[in-house]
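> Got a predicted structure plus its sequence, pasted below:
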Amino acid sequence: MAKHVLSCTVNGEPVEVLVQPYVTLLDALREDMGLTGPKEGCGTGDCGACTVHVDGKVVASCLMLAMQARGRKIRTIEGLAAADSTLHPLQDAFVRHGVPQCGFCIPGVLMAAAALLEENPRPSEEEIRYGIAGNLCRCTGYTKMVTAISEAAEMLASQRSAR
Amino acid sequence: MSTMKTTRDVKGVGVSIPRPDGPEKVTGRVQYVADIQPKGLLHAKLLRSPHAHARIVSIDVSAAKALPGVRAVLTAKDIPHLKKKAPTRAHAVLAIDRAVFMGQPVAAVAADELSIAEEALDLIKVEYQVLPASIDPLKAMLPGAPPVADAGTEADTSEALAHSAVAIAKSAAPAKAVNISQQARLQRGDPAKGFAESDHVLEKTYRVPMVHQGYLEAHAVLAEWDRNGLLTLWASTQGSFNTRSEVADVLGIPENRIRVIPVECGGGFGGKIRALCEPITAVLAQVTKRPVRYVMTRREELQAGMPAPQVIIKLKTGVKRDGTLMALDAETVIDSGAFSGAVLAVSAVFLGSMYKWPAFDIRGFEVLTHKPSVAAYRAPVAPQTIFAIESHMEQIARDLDLDSVEFRMRHLIQEGDPMVNGQPWQSNGAKQVLARIAEHPHWKSRKQWVAAGGKNGKRRGVGLALGGWLGGLQPTGATVRLNPDGSLAVLTGQVDIAGTNISLAQIAASAYGVDTDLVRITTGDTDVAPMTGLSAGSKTIYTVGAAVLQASEDARRQTFEIAAAELEASVHDLELTDGKITVRGMPDKGITLATIGKKGNLYMSKTPPVLGKANPAFTQQAPGFAAQLARLEVDPDTGEVTIQDFVIVQDVGKAINPLGVEGQMQGGAVQSLGIALTEGLMFDDSGRLTNPSLLDYRKLTAADLPNLETIIVEVPAPAGPFGARGVGEPPIIPAPAAIANAIQNATGARLTELPLSPERIALALVNGKR
């Protein structure tokens, strides 16, 4: 099958790659663009390890064809920290609260949490839990995750009001 | 054997310190096997049997081989050293003439691209003759059942040994049926007399289905051979030395021809101890002379991974009206799937050993069926066993109108009491843990909380359960080097999944006398690291921690000897503070660690480089107990359970890093709750898995759960580093019983089959099982 040109923006940079029309966005990110932060945990959209943002919305990149991302803005875990590599408050809170154990779910959880906070800057505990309900984690039991997200929300909100 | 140590006055043991690789994990920079892209990489796929039991009449791979981009297509006859009567799943690299479970690999492909390998699988033509299958373990035990293993296949007891479960004598009686692969019997006293003298006899059968460990990273391995015939495996494993030995055994090559590099492991929980896809990937790499990577799909994991066994426990107890224990009779059937290897002993030990039964007769059977063979899952067989005994104890207390905590406490074992195998219980915190949870306000206020009732007619219940794990042992090694900058480099082969390396660094810091910031710990591969055991059995901190502690003390001793010579003082007059060794009372007379470190690396220097080492073996286990309490609501119409509060109390001996300990307690508890409420591999009568996706096999999400409260109890382990015990396994044990007990408290229904799904609960209420 002939490859197609995929032009899109990934983590703020314009990207142009050749991909097979049947390739998923996840595979294109991982295999063709070298962005292995998004993980494949199930390949069927049930675990959330492949979560990225497409035009600011949470997407299971294993369920989206790469060509569907043409002309759109993709953000992966590699683009969550600031350009100067300062960790995003969510990432910083995850580290301080000792959230990552095996770490495989973490990129997806962080992207889901980042989208949640952009939509809902002051989520309740229940809203946080539903916000990451599409992401399975088998190590942490979620408690520290929820605490870290809640703390990062507070920090982001106070940064915003200080501006 | 090192005994209790005092921590030195440094930032070390007992402090919550985030793991140093945290920033790598939260930025997506950590590399797992599937993230490694060597030049010339080939992708592997396996053709798997669509039948639970079938004779392989013929295989035609010609069309697959002809597909452009395909580099190898292998069947069993291409691997001459494959033999029938494979003792383990790893040895059964490809099915030879018979497939014994649905999903068993029959052929293997390596191709330039994954999609080509997938296409090649479709082109392989296999003719099967479908044979009758043994699916239900109780039927598989009967004489005349369709046989699973080839006649003469040996039972595999290595898993039990790997977990250092307490050994029990294997029954000398010959197997009475073809699919019974192991059996054991433990007896004491006169159970018949005990039952005859009992006022209350309770008999129930508890059932737990196969559950999958659910590590989010599926099995994955990358294999490459060099021109000298050296095999390198980049593996997602819980123990690189174990993987090396198993692959060597299966491939028939010496261990020194294999180097296993443990790549970041995306979860194991017992499922990544034994080799699974490593041997076939190595063979594909050998045949193609290219690096070959194999990554299982989630569907393959669920259909053909190595889950925890199905367990059926028939339990009968006799007690006096006042609660005096008289007799216990139990029969445990463990469905091991198509290959032997379940941990039979654990079930017997915990059924009869947690409470002091004067007379018992416990029989255990490992049964083979035409299903995926099993492996360990965090405290293998303990959650299933504790579900039975702790449901039972609660029911006895309820029937006799006894306080369920007092009843347990009265009969609970303590150090020195004999286990069912006659060995004495080691020092443990069982009583302290139970006492602590009974003091919790949620327990003390349970009657008022339940009476208040939930909204919309929901019924409230509070339940608790106690569970324990004996604690694994394995010899292990560690070295500690002093660097020229005065920092320490610790080397082990320990695979760090949960964050154990930071705890090991804290142990080194406290034992040597520097802050943890000055300790860097490296997990070496099998070519460079000291021999190191598995990341399993709740023994990383207990055993590797002890090795690191001893090696750090050795390094400290060497450092002090050098300092004593330099300072012309006695070793006994020296002290180490802030990276400088000084003569006590003479703060100006000193030498820094950096100076000593530099001298060890100077041309023509006469100062030996500091290299502490330890390679201990162990004999004394350190049991770990956890108690869990649930406050929940049950919707009587739908059977839906909502957990409102969940409390975990655990004896960890000494919390080396409380942050990491809490993470273990919470993570283990949620896995335990998954076994209790939603999980189970469901097979139909033909041996086909009916829920092979994470949509249909439901793991708990954040939205299913409340915050989990953790209470750490510290009853020091006599031989543990700074008193520490293993923490990984105890928290996965009690929840199924705690939840069942809470559901009974809420509804009056005693449920004995997991998972405690809404359907089961609603049906029990409709059927009036009160």
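Here it is on my side, so go on. Numbering: from 1, shown residues only, chains lettered A, B, ... in the order given.
> Where does pLDDT dip in chain B?
B:1-7, B:158-176, B:769-770 (pLDDT under 70).
> try 80 this time
By pLDDT under 80, the low-scoring segments of chain B are B:1-8, B:154-176, B:768-770.
> What is the longest helix of it by residue count?
Ranked by residue count, the top helix of chain B under DSSP state H comes out as helix B:545-567.
> ok, and for that one, which residues are buried?
Residues of helix B:545-567 classed as buried by neighbour count (16 or more other CB atoms under 10 Å in any protein chain shown): B:545-556, B:558-560, B:562-564, B:567. Every residue, glycine included, has its C-beta placed from N, CA and C.
> The residue in chain A that chain B sits nearest to - nearest residue in space that isn't next to it in sequence?
Here the residue of chain A nearest chain B is residue A:37; by CB to the nearest CB that distance is 2.3 Å. Distance criterion CB to CB, 6 or more residues apart in numbering or on different chains; nearest residue to residue A:37, sequence neighbours excluded, is residue B:28 at 2.3 Å.
> Give the full set of residues in contact with that neighbour.
By CB atoms under 8 Å, 6 or more residues apart in numbering or on different chains, the contact list for residue B:28 reads A:35, A:36, A:37, A:38, A:76, A:77, A:78, A:106, A:107.
> Turn these into CSV, including secondary structure.
Formatted as CSV, the contacts of residue B:28 follow (DSSP: H, G, I helix; E, B strand; the rest coil):
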residue, secondary structure
A:35, coil
A:36, coil
A:37, coil
A:38, coil
A:76, coil
A:77, helix
A:78, helix
A:106, helix
A:107, helix
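> Farthest pair within the residues you listed?
A:35 and A:106 (15.0 Å; CB to CB).
> Just want to know which of the two has more residues nearby.
Set residue A:35 next to residue A:106 and count neighbours by other CB atoms under 10 Å in any protein chain shown: residue A:106 wins out with 30 against 24.
> hang on, that one packs against residue B:24?
No - Residue A:106 sits out of contact with residue B:24 when judged by CB atoms under 8 Å, with a separation of 10.3 Å.
> Isn't residue A:46 up against residue B:691?
No - counting by CB under 8 Å, residue A:46 sits too far from residue B:691 to count as a contact (11.6 Å).
> Compare the two (neighbour count), which wins?
More crowded of residue A:46 and residue B:691, by other CB under 10 Å: residue A:46, with 21 against 15.
> How about the contacts made by that one?
Residue A:46 touches A:136, B:298, B:693, B:694, B:695, counting by CB under 8 Å, 6+ apart.
> I figured the first one hits residue A:51, correct?
The reference is to residue A:136. No - in this structure residue A:136 lies outside contact range of residue A:51 using CB under 8 Å: 11.1 Å.
> which of those two has more neighbours?
residue A:51 (30 against 25).
> Show the pLDDT at the residue most central in space within chain A.
The residue lying closest to the centre of chain A (CA atoms, centre = their mean) is residue A:111, at 2.5 Å. Note for residue A:111: predicted pLDDT of 98.
> Could you pull up the residues touching it?
Here residue A:111 is in contact with A:51, A:52, A:53, A:58, A:75, A:76, A:77, A:80 (CB under 8 Å, 6+ apart).
> and the residue of chain A closest to chain B, what does it touch?
Residue A:37 makes contacts with A:76, A:77, A:78, A:107, B:27, B:28, B:29, as judged by CB under 8 Å, 6+ apart.
> Spatially nearest residue to the fifth one, not counting backbone neighbours?
With CB to CB, 6+ apart as the criterion, residue B:27 has its nearest non-adjacent residue at 5.9 Å, and that residue is residue A:81.
> The fourth one now?
Distances taken as CB to CB, 6+ apart put residue A:77 closest to residue A:107, at 3.7 Å, once the chain neighbours are dropped.
> What segments of the stretch 351-500 of chain B are helices?
B:382-399, B:404-411, B:430-438, B:441-444, B:446-452, B:500-512 (DSSP state H, counting those that start in this stretch).
> Can you tell me the number of residues neighbouring the residue of the stretch 401-550 of chain B found nearest chain A?
Going by CB to the nearest CB, chain A is nearest to residue B:498 of the stretch 401-550 of chain B, at 4.6 Å. As a burial measure, residue B:498 scores 25 neighbours (other CB under 10 Å).
> Let me know whether it touches residue A:138 as I believe.
No - counting by CB under 8 Å, residue B:498 sits too far from residue A:138 to count as a contact (11.2 Å).
> and for those two, which residues touch both?
Counting by CB under 8 Å, 6+ apart, the shared contacts of residue B:498 and residue A:138 are A:102, B:667.
> what distance separates the start and the end of stretch B:414-421?
15 Å (CA to CA, to the nearest Å).
> Sort out which residues of it are buried, please.
By 16+ other CB under 10 Å, the buried positions in stretch B:414-421 come out as B:419, B:420, B:421.
> what is residue B:317 paired to in the beta sheet?
As for beta bridges, residue B:317 partners with residue B:202, residue B:328 under DSSP bridges.
> In contact with it, which residues?
Contacts of residue B:317 by CB under 8 Å, 6+ apart are B:201, B:202, B:203, B:325, B:327, B:328, B:329, B:392, B:396.
> Out of these, which two sit at the greatest distance?
Pairwise across the contacts of residue B:317, and taking CB to CB, the largest span is found between B:203 and B:325, at 15.3 Å.
> Work out the gap between the lengthiest helix in chain A and the centre of the chain.
When chain A is parsed with DSSP H, its longest helix is helix A:143-162. Put simply, helix A:143-162 sits 17 Å off its chain's centre (CA atoms, centre = their mean, to the nearest Å).
> which residues sit in contact with residue B:460?
So residue B:460 contacts B:449, B:450, B:452, B:453, B:454, B:631, B:632, B:633, B:634, B:746 (CB under 8 Å, 6+ apart).
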